[in-house]
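K.L.:
Structure here, sequence nowhere to be found:
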């Protein structure tokens with residue numbers, strides 16, 4: 001493989017194409033907004049925390065800064081046109097909920113930031129730390145609640161996120177996630193464990209194939 005040196009840039013891909021939601025009190029009610037953000041990720045498991053980086057010029061930034069809350073919602077192929085619109089239009093100029101065809105739902109533990117009803121997973125987060133970094137400010141949020149589509153849960157309470165049809169963002173492109181290629185620890189799993197775990201996966205045969213190549 002031949003490698004070419006490029007100027008440093010934000011080329012960590014793919015990343016989630018996530019929707020960030022926020023809200024704040026206004027005139028006796030609550031104003032809410034949502035925006036698309038690719039720069040989001042997990043930062044801690046105990047306590048559970050995530051981060052999202054937002055430009056201070058964005059309308060959502062001011063709402064998050066004001067209330068210390070945000071929702072972080074995963075997106076699917078069925079949501080994609082609305083997701084893209086929420087990334088290129090501003091809540092200062094339009095009601096993006098209506099324009100994108102999304103509806104809001106309350107998130108447990110938050111007062112203002114809602115979830116997106118069409119999203120398979122929404123995380124309700126309270127800001128623990130704010131880090132001005134340059135072009136973007138990072139909000140690190142503690143996950144206070146998770147709202148998950150019931151269709152992704154099995155009879156034993158297990159979550160099957162691989163069934164959601166999630167969308168990733170990679171260097172300017174939205175892409176669907178492909179077949180399951182393995183699971184955490186599959187490279188050292190027993191043959192019986194591979195068969196048991198692979199049963200419910202699309203493209204399950206590739207899970208075992210990786211194991212065979214390493215024998």
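P.N.:
Done, it's in. What you are looking at is a predicted structure, and each value in this text was computed from that prediction instead of being measured. Residues are numbered from 1 along each chain as shown.
K.L.:
all contacts plus neighbour counts: C-alpha atoms, from now on.
P.N.:
Will do.
K.L.:
and the chain, what are its domains?
P.N.:
Residue ranges for the domains of the chain, per automatic domain parsing: 15-173, 179-213.
K.L.:
Burial-wise, tell me which of those comes out on top.
P.N.:
The highest mean neighbour count among the domains of the chain, using mean count of other C-alpha atoms under 10 Å, belongs to domain 15-173: a mean of 18.
K.L.:
Can you give me the first-to-last residue distance of that domain?
P.N.:
End-to-end distance of domain 15-173: 11 Å, with C-alpha to C-alpha, to the nearest Å as the criterion.
K.L.:
before we move on, back to that, how about the domains of the chain in a markdown table, adding mean pLDDT and distance to residue 1?
P.N.:
Shown next, in a markdown table, are the domains of the chain (pLDDT from 0 to 100; distance: least, C-alpha to C-alpha, whole Å):
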| stretch | mean pLDDT | distance to residue 1 |
| --- | --- | --- |
| domain 15-173 | 97 | 21 |
| domain 179-213 | 70 | 21 |
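K.L.:
mind giving me JSON lines with those and columns for distance to residue 2?
P.N.:
Below are those laid out as JSON lines (distance: least, C-alpha to C-alpha, whole Å):
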{"stretch": "domain 15-173", "distance to residue 2": "20"}
{"stretch": "domain 179-213", "distance to residue 2": "25"}
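K.L.:
Tell me which of those domains approaches residue 5 most closely.
P.N.:
domain 15-173 (16.8 Å; C-alpha to C-alpha).
K.L.:
starting at the chain centroid, how far to that closest one?
P.N.:
Distance of domain 15-173 from its chain centroid, counting by C-alpha atoms, centre = their mean, to the nearest Å, is 7 Å.
K.L.:
ok, back up a step: residue 7: which of the domains of the chain is closest?
P.N.:
domain 15-173 (14.8 Å).
K.L.:
contact partners of stretch 6-14?
P.N.:
Stretch 6-14 has contacts (C-alpha atoms under 8 Å, 6 or more residues apart in numbering) with 168, 169, 170, 171.
K.L.:
any idea which element residue 31 lies in?
P.N.:
Following DSSP states H and E, the helix or strand that holds residue 31 is strand 29-37.
K.L.:
strands paired with that strand, and their directions?
P.N.:
Applying DSSP bridges to the sheet, strand 29-37 is found paired with strand 18-26 (antiparallel).
K.L.:
contacting residues around residue 108?
P.N.:
124, 144, 145, 146.
K.L.:
if I look at the last one, how far off is residue 119?
P.N.:
Spelled out, it's residue 146. 11 Å.
K.L.:
Ok, the third one next?
P.N.:
Between residue 145 and residue 119 the computed distance is 15 Å (C-alpha to C-alpha).
K.L.:
Over to the second one?
P.N.:
Separation of residue 144 from residue 119 (C-alpha to C-alpha) stands at 17 Å.
K.L.:
same question, residue 176
P.N.:
Note on residue 176: its distance to residue 119, by C-alpha to C-alpha, is 15 Å.
K.L.:
next one: residue 105
P.N.:
Computed as C-alpha to C-alpha, the residue 105 to residue 119 distance reads 10 Å.
K.L.:
so residue 151 sits in a helix?
P.N.:
Yes - checked against DSSP: H, G, I helix; E, B strand; the rest coil, residue 151 lies within a helix.
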